[in-house]
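1. Got a predicted model here, sequence first, then my questions.
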Amino acid sequence: MNAMSHCVSIIINRILLFVVILFLLIFWGDNNVLAKERILVLSPEGENFQYTIKGLKDDLEDDVTFVEHSITDNMGEDIITKHIHDINPKMLVFLGNKPLQAYSQYQKKYIGSDFPPSIALSALYLDRQVRDMKNIIGVRFEIPAVTSLVQLRSIIKRPIKKVGVIYREWMSDFIKQNQAYCLQESIQLMGIKISDKPSMRHLNYQLKHLLRKDIDALWVVNDNGLLQARYLQNVWIPLLKRFDKPVLVGIKALTKTSLNFGTFSVEADHYALGVQGAEMISDIMDNNWRIADHKIEQPLSISNLLNIKLINKKKIPLDLDKIGQIDQLIQ
Amino acid sequence: MMSVIRYIIISLFSLTVLMGALSASAANLYVFYPTDVRPKSLQGKINAICPEIKTVAFGRVFDFYRQIDHIPPNAILSLNPVVTRKQPKETNLKGGKNGQYEEEYLLVSLDKAVNIEELSKLKIGVLDILGRKPMKRFMNDLFESKVKIKRVIKTEDFLPLLTFQLADAIFVSKSTFNKLQSKSKQNLIATQTGIYIGLAMTGIYHQTNNEITHCIQKFDEQTNALLGVDHWEVIP
């Protein structure tokens, strides 16, 4: 009998010990989660956005909890309201244009409220998007010409002193800023401004005119209005066939050999963009969750591609020792 | 007929096992050395010199540290502070250049020199080789005061940091400064800091017949130059 009661007592003790350990584990775990502030990340689906989120997480996940939600085209400010209500985030991160547009509607709806600090990444022409928004900073998505041109200059054995660019009127401020940056590197950005709704004939005339100028390279800006399919087919590709200088583009697809168009493409490094965003979040955290420096930053890191076939076809001499600096080569 | 099939199956099985054993026994070397050259290019050069070693070069500090924790290598090759942080069992080779095993680091700014006395007011651009918090501590220790830093993950990002005024100065080695000067037409001014940091070195986790040591010692001039050294010396 004694032996049996001893045995029961041991079992009860074991169960109690197990319950205590379980309780401690749950309590400790909860506390650990609670100790971390939450940051709401709203992003469309897509591999590149995932790379950016990876950059954010790699850098900060030890200190904050990122709560991610996808935003689709048909979602509006109501979904932002729901997520902010459910998650009560300390900060918001928007990736791409769609979530930013939804958040803009949200800010308009709750005008006069206190909005948490936010950062925007991977959004096209960010300055225009956030112009009327409160408590938001970010990193531009467009790579300034100077970053790409300095890279290009270091891999080809030809001087790059004058670079041509054709742009629509609405991009004037963007081009002006790029001209200033290029000048710092002794590169003259020679722009031709055309109307916001150019005819194909006008674009053709202006591009022909620009290519006849004494330029060392051509920079093609990412502008859907200028790069729509019929313009590509009827203006850009036919005219650039005879242009034997480097053509710098911002979309890898335009460097396909069959297109005979872009020789060098430079895009944002999506992962690095996340790390740059994480650095901004870190500064905000250190400043008691307040934005100290209301500045939209330029992207720092790039991913580049060189079409060696086109470079050779144009007889542009390359510094072969520098080829290792290129992420992707088309040979 | 059956015996022939059995023979083929047994032979294939033995071959698979043998190849598995051989690949499992190949020594692993992880390399993280921030340079303008892409990691796959550096990896290709090392693999060509030492085909008997399985070399993986990393471009991102987080991937490097994560992989060391996930699948520990036999050895790592990186800058001195990186190897020191990962605490290998031993450090066996140190890279040298012109007889020196350390390199001077400078503060490089645009147009005018920085005032070291006003360091706390400046934002210093730095290459992240340790991760966010350790990097902050590392810089505070080096300058013996609290320094505001702006991290970049590639050496090529230094110039944009200055061009776009996202940092007042960048903290770079003298050799990086020379490379920046040859790449940029901007007026880069270097300010001496009196800080010296060790060049590339190796850390051993699991020694394997000195294969890795021998491999590194036979690096050619070009590969050594990519790693910022011109020779390797065994650490006694």
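-> Structure received.

2. make it CA atoms for all contacts and neighbour counts henceforth
-> Fine.

3. Stretch A:287-295 and chain B in contact?
-> No - using Cα under 8 Å from any Cα of the partner chain, stretch A:287-295 stays clear of chain B, coming no nearer than 9.7 Å.

4. Straight-line length of that stretch, end to end?
-> With Cα to Cα, to the nearest Å as the measure, stretch A:287-295 spans 15 Å from end to end.

5. Kindly report the residues of the stretch 151-300 of chain A close to chain B.
-> So the stretch 151-300 of chain A meets chain B at A:154, A:181, A:184-186, A:272, A:276, A:279, A:297-298, A:300 (Cα under 8 Å from any Cα).

6. Could you list which of the residues you listed belong to helices?
-> A:154, A:181, A:184, A:272, A:276, A:279 (DSSP state H).

7. Closest residue of chain B to chain A?
-> Residue of chain B nearest chain A, by Cα to the nearest Cα: residue B:37 (4.5 Å).

8. Please list all residues in contact with the nearest residue to that residue once chain neighbours are set aside.
-> In space, and not counting its chain neighbours, residue B:37 is closest to residue A:325: 4.5 Å by Cα to Cα, 6 or more residues apart in numbering or on different chains. Contacts for residue A:325 (Cα atoms under 8 Å, 6 or more residues apart in numbering or on different chains) come out as B:36-38.

9. what about 10 Å?
-> A:151, A:154-155, A:304-305, B:35-39, B:41, B:156 (Cα atoms under 10 Å, 6 or more residues apart in numbering or on different chains).

10. Inside helices: which ones of those residues?
-> Using DSSP H, the subset of those located in helices is A:151, A:154-155, B:39, B:41.

11. Widest-spaced pair of those residues?
-> A:154 and B:39 (18.6 Å; Cα to Cα).

12. More neighbours: the two, which one.
-> Higher neighbour count among residue A:154 and residue B:39: residue B:39, with 22 against 19, using other Cα atoms under 10 Å in any protein chain shown.

13. one step back: for the ones in helices among the residues of the stretch 151-300 of chain A next to chain B, which one is nearest residue B:209?
-> Using Cα to Cα, these come closest to residue B:209 at residue A:272, 38.5 Å.

14. Go ahead and confirm that closest one touches residue A:49.
-> No - proximity of residue A:272 to residue A:49 does not meet the contact threshold set by Cα atoms under 10 Å, at 11.5 Å.

15. Please identify which pair of the residues of the stretch 151-300 of chain A next to chain B lies farthest apart.
-> A:186 and A:279 (30.3 Å).

16. Comparing the two, which shows the higher neighbour count?
-> Using other Cα under 10 Å, the more surrounded residue of residue A:186 and residue A:279 is residue A:279, with 20 against 16.

17. Next up, the contacts around the more buried one.
-> Neighbouring residues of residue A:279 by Cα under 10 Å, 6+ apart: A:56, A:59-60, A:273, A:285, B:132, B:149-152.

18. Tabulate these (a markdown table), appending distance to residue A:146 and neighbour count.
-> Formatted as a markdown table, the contacts of residue A:279 follow (distance: Cα to Cα, whole Å; neighbours: other Cα atoms under 10 Å in any protein chain shown):
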| residue | distance to residue A:146 | neighbour count |
| --- | --- | --- |
| A:56 | 26 | 24 |
| A:59 | 28 | 21 |
| A:60 | 30 | 20 |
| A:273 | 18 | 27 |
| A:285 | 32 | 17 |
| B:132 | 28 | 19 |
| B:149 | 24 | 25 |
| B:150 | 20 | 23 |
| B:151 | 20 | 24 |
| B:152 | 18 | 21 |
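
19. Give me the most central residue, chain B.
-> Central residue of chain B (Cα atoms, centre = their mean): residue B:33, 2.0 Å from the mean position.

20. which residues does it contact?
-> Applying Cα under 10 Å, 6+ apart to residue B:33 gives the contacts B:39, B:42, B:57-61, B:77-79, B:82, B:129, B:200, B:226-228.
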